[in-house]
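Visitor: Just a sequence and a predicted model for now, questions to come.
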Amino acid sequence: MKIIAIGRNYAAHAAELNNAIPTKPIIFLKPDTAVLKDNKPFYIPDFSKDVHYELEIVLKICKEGKHIAEKFASNYYEEIGLGVDFTARDIQAEHKEKGLPWELAKAFDNSAVISNFLPKSDYKDMYDLKFELKKNGENKQNGHTANLLFSFEKIISFVSQYITLKKGDLIFTGTPEGVGKVNTGDRLEAWLEDKQLLNFEIK
């Protein structure tokens, strides 16, 4: 199982980090050791002093495919969930400045929090989904899939031109604006529409 993540897929998030709006999807990978599930606590790693939360909708790939046409891409996922892409922003900034890859900032252990997955058939329209993150009860991120720069189908099709997708792979589809730092003792909660899917502590 691999985790494929999409960077800068909401314009307002790209703007808040002073990044250019991409003309094609930006992707990076996380290993399976990054997964943290069952609302287990997240432990801030010793190597960073500025770890940020990034709430995202996650697609679970349901069958193998490569060179997938965009018009057929919706057949390659049947379930969706929420995830938090934890990012060591200080390390990322240093690596971006030097033109280096982001993996040390993005792919560390437990950096990919995932919720339980729900059938996409539970939802009428994949591009009318609201999702929300609260930190210590205070609203921090509000996302809406209508604001995606690249649709779920575009992402699946694009990635599959380069990387074969396999059943069980996860795609983190990008975060909206409002990302921020976590500190020991914080609690993060997240909702997809009216259903709470994440509720865990930072240690």
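Guide: Structure received. Numbering: from 1, shown residues only.
Visitor: Please compute how far the helix or strand bottoming out on mean pLDDT in the chain lies from its chain's middle.
Guide: Using mean pLDDT, DSSP states H and E, the weakest-scoring helix or strand in the chain turns out to be helix 11-16, at a mean of 78. Chain-centre distance of helix 11-16: 15 Å, with CA atoms, centre = their mean, to the nearest Å.
Visitor: do the same with stretch 119-138
Guide: Distance, centroid of stretch 119-138 to centroid of chain: 13 Å (CA atoms, centre = their mean).
Visitor: Could you do stretch 10-27 as well?
Guide: Here stretch 10-27 shows a centroid-to-chain-centroid distance of 14 Å under the convention CA atoms, centre = their mean.
Visitor: one step back: what's the following helix or strand after the least confident helix or strand of the chain?
Guide: strand 26-30 (DSSP states H and E).
Visitor: Quick check: buried residues in that next one?
Guide: Ile26, Ile27, Phe28, Lys30 (16 or more other CB atoms under 10 Å). Glycine gets a C-beta too; all of them are placed from N, C-alpha and C.
Visitor: Using PDB, list the CA coordinates for that strand.
Guide: Provided in PDB are the C-alpha atoms of strand 26-30 (Å, rounded to 0.1, in the frame of the first residue of the first chain):
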ATOM      1  CA  ILE A  26       1.900  18.300  -7.600                       C
ATOM      2  CA  ILE A  27       2.500  14.900  -6.000                       C
ATOM      3  CA  PHE A  28       4.600  13.400  -3.300                       C
ATOM      4  CA  LEU A  29       4.600  10.100  -1.500                       C
ATOM      5  CA  LYS A  30       4.300   8.800   2.000                       C
END
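Visitor: farthest residue from the center of the chain?
Guide: What lies farthest from the middle of the chain is Lys98; by CA atoms, centre = their mean that is 24.2 Å.
Visitor: And stretch 123-142, end to end?
Guide: Using CA to CA, to the nearest Å, one end of stretch 123-142 lies 18 Å from the other.
Visitor: do the same with stretch 164-172
Guide: 16 Å.
Visitor: Need the contact partners of it.
Guide: By CB atoms under 8 Å, 6 or more residues apart in numbering, the residues outside stretch 164-172 that reach it are 1-6, 30, 56, 58-66, 68, 76-77, 83, 85, 112, 114, 152, 155-156, 159.
Visitor: just stretch 7-20 next, same as before
Guide: 21-22, 25-28, 143, 147-150, 155, 173-179.
Visitor: Shouldn't Ala73 be within a helix?
Guide: Yes - the assignment for Ala73 (DSSP: H, G, I helix; E, B strand; the rest coil) places it in a helix.
Visitor: chain center to the lengthiest strand in the chain: distance?
Guide: What stands out as the longest strand in the chain, according to DSSP state E, is strand 77-85. Distance of strand 77-85 from its chain centroid, counting by CA atoms, centre = their mean, is 8 Å.
Visitor: now for the helix or strand just after that strand, which elements pack on it?
Guide: Following strand 77-85 in sequence order, the next helix or strand is strand 87-88 (DSSP H and E). Applying 3 or more CB pairs under 8 Å, 6 or more residues apart in numbering; DSSP states H and E, we find strand 87-88 packed against strand 51-53, helix 103-106.
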